[in-house]
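>>> A structural model of the following input is requested.
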Amino acid sequence: MEPARRRSRIAKTFSRVISLKSSSKNRSNHPGFCLFLPQEKLRCCESHQLEKEDAEEAMEECKTRAAMEAFVAKLFATISTAKAAYAELQLAQFPYNGDAIQCADQAVVDQLKALSELKYSYIKKQIDSSPPHVTLMLAEIQEQQSLMKTYEITMKKMRAEIESKEARIASLQQSLRESVESNKSLEKKMNASGSFSVLDGVRFSDVSPRDFILVLHYALRSVRGFVKLLIREMESANWDIDAAADAIQHDVVFKKRDHKAFVFESFVCREIFSGFNDAGFAVQGGESSVRGETPRQRRDFFFDQFRVLRSVSAINFVKQSPNSFFGKFLKSKYLQLVHPKMEFSFSGNLNQRKMVNSGEFPETEFFKAFAEMGRRIWLLHSLSFSFDRRVSLFQVSRNSKFSEVYMESVMDEALTAADGGVRVAFTVVPGFKVGQTVVQSQVYLFPTDSPAES
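This is a model prediction of the structure:
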């Protein structure tokens with residue numbers, strides 16, 4: 001063990017010598033006092049320095065973000081102000097206001113310049129807004145004021161549009177009232193003279209579905225006039241209107257009481273249009289009255305019927321020609337439509353029926369209304385057989401699904417199509433096919449869950 005202990009001492013002595021030499025050398029190179037700090041204190045100082053630098057960097061980044069937010073807010077506020085100025089410029093143009101236009105135009109230019117300055121500030125990175133929170137608050141105030149101004153201008157424009165539309169509506173309503181009064185006056189004159197000037201424009205060479213629709217509407221006006229007279233006579237004779245309506249169309253639930261008039265209109269249309277598809281109108285001896293061997297000759301014959309009867313009084317014509325095709329038609333339809341019990345309840349006798357049956361035609365208000373309706377239906381029938389294409393009438397059966405192609409509702413308010421839609425209670429006015437053109441039938445509808453479906 002002695003030799004080993006001796007070697008250890010030698011190693012320690014050698015280490016001290018080397019250490020002393022190294023220390024003396026360092027002191028010779030760096031004269032003065034030298035204090036050796038522990039390693040832990042050095043690391044702590046470095047950490048404090050880094051934290052200070054991070055805090056300064058975070059503060060600088062926060063300032064930059066605040067400045068950018070203030071810049072963006074200022075940008076949007078300027079855009080809103082420009083929009084408000086442009087809206088004011090538009091408002092000043094209608095109606096024209098020169099001073100307001102000049103003022104608004106200058107405001108638009110100023111805001112565009114402000115936007116241009118903001119653009120160059122951003123490009124040059126000169127977006128410092130000091131202090132940012134004040135700039136941000138002022139920008140928000142400016143934007144809110146601009147938005148309020150835009151809303152006020154929009155409200156002014158909408159108010160002006162409403163006033164303009166109300167004035168337009170009032171003008172149209174006045175025109176409508178004048179047109180209605182004028183039409184009533186003309187219709188009275190036409191009923192008195194038996195003429196209808198619009199029909200004079202129908203030409204054989206160019207008859208079209210448009211002409212058919214014109215004459216159809218002309219005929220339906222007289223149908224509704226006769227129906228009103230019929231209901232008035234029923235009420236005067238103390239008829240039970242509800243029972244009469246149910247006898248024609250049973251188990252129908254009406255949305256309004258006055259809708260029962262559609263039942264009587266459907267009855268009159270059904271009887272007066274019966275046989276429409278037949279050239280002789282299903283009148284006894286009517287087919288033999290139709291002259292013309294070729295289709296063109298038959299078309300000429302029916303258009304002659306149309307041309308003659310469109311400008312005469314129905315009563316005057318049948319009195320002069322009681323055995324004419326139209327005279328036979330009028331006689332047949334009256335006996336078919338007006339039941340003896342109905343006539344007796346209206347007038348207390350059957351004198352009118354006896355006169356018509358014997359070939360004479362009374363001049364009572366009731367028969368004149370019937371004769372005028374018959375004349376117009378006859379005109380429609382004659383015109384339909386003047387076409388070079390087939391014209392046919394069609395009825396819609398009860399419980400049929402509603403189709404906008406073939407039908408239109410007679411009610412002002414539309415029924416909803418929920419839960420299976422709506423169906424037809426009864427046909428009021430039949431529809432027509434003129435070649436490939438469909439003239440819609442007029443129908444009374446009911447919801448699928450209504451009792452009328454039974």
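
>>> Now do the SS call for Thr427.
Secondary structure state of Thr427, per DSSP: H, G, I helix; E, B strand; the rest coil, is strand.

>>> next one: Phe361
Here Phe361 is recorded as coil under three-state DSSP.

>>> now the one 10 residues further on
When classified by three-state DSSP, Ala371 comes out as helix.

>>> what about it, neighbour count?
Ala371: 26 surrounding residues under other C-beta atoms under 10 Å. C-beta: built from backbone N, CA, C; applies to glycine.

>>> what's it in contact with, if anything?
314-315, 318, 330, 361 (C-beta atoms under 8 Å, 6 or more residues apart in numbering).

>>> at 6 Å instead, please
By C-beta atoms under 6 Å, 6 or more residues apart in numbering, the residues touching Ala371 are 314-315.

>>> Gly327 versus that one, what's the distance?
From Ala371 across to Gly327, the span is 10 Å (C-beta to C-beta, to the nearest Å).

>>> for Tyr122, same thing?
95 Å.

>>> So between those two, which is more surrounded?
Just comparing Tyr122 and Gly327: by other C-beta under 10 Å the higher neighbour count belongs to Gly327, 20 against 14.

>>> Look at the more buried one and give its secondary structure.
Assigned with three-state DSSP, Gly327 falls in the helix class.

>>> Am I right that it is in contact with Phe317?
No. Gly327 lies out of contact with Phe317 (C-beta atoms under 6 Å); the separation is 7.9 Å.

>>> residue ranges of the strands in the protein, please?
For the chain, applying DSSP state E gives strands covering 391-394, 407-409, 422-429, 431-434, 437-439, 441-447.

>>> Residues in contact with the second one: which ones?
Outside strand 407-409, the residues that touch it by C-beta under 6 Å, 6+ apart are 440-443, 445.

>>> Which of the residues you listed sits closest to Leu230?
Nearest to Leu230 among those is Gln442, at 18.0 Å by C-beta to C-beta.

>>> and the closest one, how many neighbours?
Neighbours of Gln442 under the rule other C-beta under 10 Å: 19.

>>> That one contacts Val428, doesn't it?
Yes. The pair Gln442 / Val428 is scored as a contact, 4.6 Å apart, by C-beta under 6 Å.

>>> Mind listing the shared neighbours of these two?
Counting by C-beta under 6 Å, 6+ apart, the contacts common to Gln442 and Val428 are Val410.

>>> Of all the helix elements in this protein, which one is longest?
In the chain, taking DSSP state H as the definition, the longest helix is helix 132-193.

>>> And that helix, what does it pack against?
Helix 132-193 sits against helix 39-93, with contacts defined as 3 or more C-beta pairs under 6 Å, 6 or more residues apart in numbering; DSSP states H and E.

>>> okay, the angle between the helix it packs on and helix 132-193?
Between helix 39-93 and helix 132-193, the angle comes out at 30 degrees (axes from the mean of the first three to the mean of the last three C-alpha atoms, to 10 degrees).

>>> Helix 39-93: how far from the chain's middle?
Centroid separation between helix 39-93 and its chain, computed with C-alpha atoms, centre = their mean, to the nearest Å, is 51 Å.

>>> domains of this structure?
The chain breaks down into these structural domains: 57-164, 273-388 (assignment by automatic domain parsing).

>>> Make a markdown table out of these and add mean pLDDT and distance to Val180.
Listed next are the domains of the chain as a markdown table, based on pLDDT from 0 to 100; distance: least, C-beta to C-beta, whole Å:
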| stretch | mean pLDDT | distance to Val180 |
| --- | --- | --- |
| domain 57-164 | 78 | 25 |
| domain 273-388 | 88 | 20 |
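
>>> any idea which of those is most buried?
Highest mean neighbour count among those (mean count of other C-beta atoms under 10 Å): domain 273-388, with a mean of 17.
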